[in-house]
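K.L.:
Quick one, what's the 3D model for this:
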Amino acid sequence: MALGMTARLPGRDIMRKLLKAHSHPERGFGIIHIAGTNGKGSTAFYLSKLMEACGHKVGLYTSPHLIRLTERIRVDGRQISEEDFTRLARRFLKDEDATASDVLLLTALYYFKEQSCDLIIIETGLGGRLDSTNALTDEDMGGAPILTVITKIGYDHTLFLGDTLEKIASEKAGIIKPHTKVVISDNQPSVVDVMAKRCRNENVFWTMPADDEGLINEIKEKLPDAALTYQLGNIAAAAAGVRLLGESVALDVLNKSCFPGRFQIVRENPLLIVDGAHNPDGASALCRSVTAAFCGRRFDCIIGIVRDKDAKGIVDAMLPVIKSATVVETGSAKRRTDSAGLITLLNDRNVPCEKRDSVKEALEALAGRDVLVFGSLYLAGEAISLL
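P.N.:
Just a heads-up that it's a prediction; the model follows:
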């Protein structure tokens, strides 16, 4: 089943109408709501693993997907089947106001209801305040989330969310509601100020796991490999959230847990790492992680960046770990990689560079070398599907 994924400013008001029209499928769950620029998918994934270990039946809704739409909807780690996805999604296709993202969210809610989930973890799509998912936790809908998590805030989707970190943070903070508890990941002081002000206005308790030295040390001790990477902050946010809810679980359950397409080590000898970093902050985090985990090793990189992203910012952030670059076009027709522009950008930085027609061809050309794939979740999905 195919659905058009046309980007738009998400419709909280539209989702409110749809939830009412479909007998409020959002009700009856404990809801954990997550927003941020980077790390929200990984944080949602780690939260789901920890809450499953606490004995909850957990529904997980994330976006975007890497290969199949069904990746977005999981119960206790298992993707919805294509048969169940099609069966449930069809009932919403007749709704004239519903976009593809609305159909996916409604499908997820009905599936979670069928599967008798007691807890659902919902990742925002774009922003927060106006995002479709934010309708779920309105007072007259599903009610306040039991937990709200704000991950790293950076520059992305600035056309919709604003051109300063403070404006973007304000949009993300829109998911903070009265009667919730809030975890705020490590962020710039101006971003934390925006979040803290929102929390004070809503009279809610909030915490920053980066300030919890005991928690950070525990993660470093029990999950040393993950602690070397940007996942340290995401795991800390997840663990802090679980503890804020009064649950207790050993962090060891996260050993070998990896959210696909996020610092995913596909092969160890020679190394092949796939990461969907697609904005400068994500690329900076990836570069720091690669440097820390692999002692400054440099990589032959496969790079594909869609044309509405900050290619210069991404490339400049990754330069310390790039030995050579193979450019591959990725993304939908309107957003397809500007390969000529990307090659010029790389050549201007004295990076040996060539273009290949496909990820498969690029991987074959780099056989036997340490390879790092980055620049787009589309590209990450293509690479993982091949491997």
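K.L.:
so where's this structure uncertain?
P.N.:
Along the chain, the model assigns pLDDT under 70 to residues 1-10.
K.L.:
Would you map the strands across the stretch 251-387 of the chain?
P.N.:
Per DSSP state E, counting those that start in this stretch, the stretch 251-387 of the chain carries strands over the ranges 264-268, 271-274, 299-303, 322-327, 353-355, 371-374.
K.L.:
Need the residues that contact the second one.
P.N.:
Among residues not part of strand 271-274, those counted as contacts by Cβ atoms under 8 Å, 6 or more residues apart in numbering are 261, 263-266, 290, 294, 297, 299, 370-374, 380, 383-384, 387. For every residue, glycine as well, the C-beta is placed using N, CA and C.
K.L.:
Got a quick PyMOL command for the buried subset of these?
P.N.:
Buried residues within the contacts of strand 271-274, by 16 or more other Cβ atoms under 10 Å, are selected in PyMOL with:
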select buried, resi 261+263+264+290+294+299+370+371+372+373+374+380+383+384
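K.L.:
hang on, the earlier thing: using TSV, lay out the strands of the stretch 251-387 of the chain together with distance to Ala135.
P.N.:
Output for those, formatted as TSV (distance: least, Cβ to Cβ, whole Å):
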stretch	distance to Ala135
strand 264-268	32
strand 271-274	34
strand 299-303	37
strand 322-327	40
strand 353-355	44
strand 371-374	34
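K.L.:
Would you mind finding the most buried of the ones you listed?
P.N.:
Among the strands of the stretch 251-387 of the chain, ranked by average contacts under mean count of other Cβ atoms under 10 Å, first place goes to strand 371-374 (a mean of 27).
K.L.:
then it to PDB, C-alphas only?
P.N.:
Output of strand 371-374 as PDB, limited to C-alpha atoms (Å, rounded to 0.1, in the frame of the first residue of the first chain):
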ATOM      1  CA  VAL A 371      33.000   3.300   4.900                       C
ATOM      2  CA  LEU A 372      30.700   5.900   6.500                       C
ATOM      3  CA  VAL A 373      27.300   6.600   4.900                       C
ATOM      4  CA  PHE A 374      25.500   9.800   5.900                       C
END
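K.L.:
which neighbours does that strand have in its sheet, and in what orientation?
P.N.:
With DSSP bridges as the test, strand 371-374 is paired with strand 271-274 (parallel), strand 299-303 (parallel).
K.L.:
Which one of those strands lies nearest to Asn255?
P.N.:
Of all the strands paired with strand 371-374, strand 271-274 sits nearest to Asn255, with 18.8 Å by Cβ to Cβ.
K.L.:
Please state the offset of the closest one from the chain centre?
P.N.:
The chain centroid and the centroid of strand 271-274 are separated by 19 Å under Cα atoms, centre = their mean, to the nearest Å.
K.L.:
Could you tell me the end-to-end distance of stretch 17-34?
P.N.:
One end of stretch 17-34 to the other measures 22 Å (Cα to Cα, to the nearest Å).
K.L.:
Make 48 the starting number, not 1.
P.N.:
New numbering, starting at 48: the last item is stretch 64-81.
K.L.:
Name the residues of it that are buried.
P.N.:
Buried, per 16+ other Cβ under 10 Å, within stretch 64-81: Leu65, Leu66, Pro72, Glu73, Phe76, Gly77, Ile78, Ile79, His80, Ile81.
K.L.:
Let's see which of those residues end up in strands.
P.N.:
Applying DSSP state E to the buried residues of stretch 64-81, the entries found in strands are Gly77, Ile78, Ile79, His80, Ile81.
K.L.:
I'd assumed Ile167 was in contact with the second one.
P.N.:
Yes - using Cβ atoms under 8 Å, Ile78 is in contact with Ile167, at 5.7 Å.
K.L.:
Wait, Ala332 touches Thr198, no?
P.N.:
No - with contact defined as Cβ under 8 Å, Ala332 does not count as touching Thr198 (11.1 Å).
K.L.:
Which one's more surrounded, the two?
P.N.:
The neighbour count for Ala332 versus Thr198, taken as other Cβ atoms under 10 Å, is higher for Thr198 (27 against 24).
K.L.:
Going by neighbour count, which residues in stretch 174-189 are buried?
P.N.:
Buried-residue list, stretch 174-189, by 16+ other Cβ under 10 Å: 174-185, 188-189.
K.L.:
export those to TSV and tack on secondary structure and distance to Met242?
P.N.:
Below are the buried residues of stretch 174-189 laid out as TSV (DSSP: H, G, I helix; E, B strand; the rest coil; distance: Cβ to Cβ, whole Å):
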residue	secondary structure	distance to Met242
Gly174	coil	14
Gly175	coil	11
Arg176	coil	13
Leu177	coil	17
Asp178	coil	16
Ser179	helix	22
Thr180	helix	18
Asn181	helix	16
Ala182	helix	21
Leu183	helix	20
Thr184	helix	17
Asp185	coil	20
Met188	coil	23
Gly189	coil	22
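K.L.:
Out of the residues you listed, which comes closest to Glu118?
P.N.:
For these, the minimum distance to Glu118 (Cβ to Cβ) is 16.8 Å, reached by Thr180.
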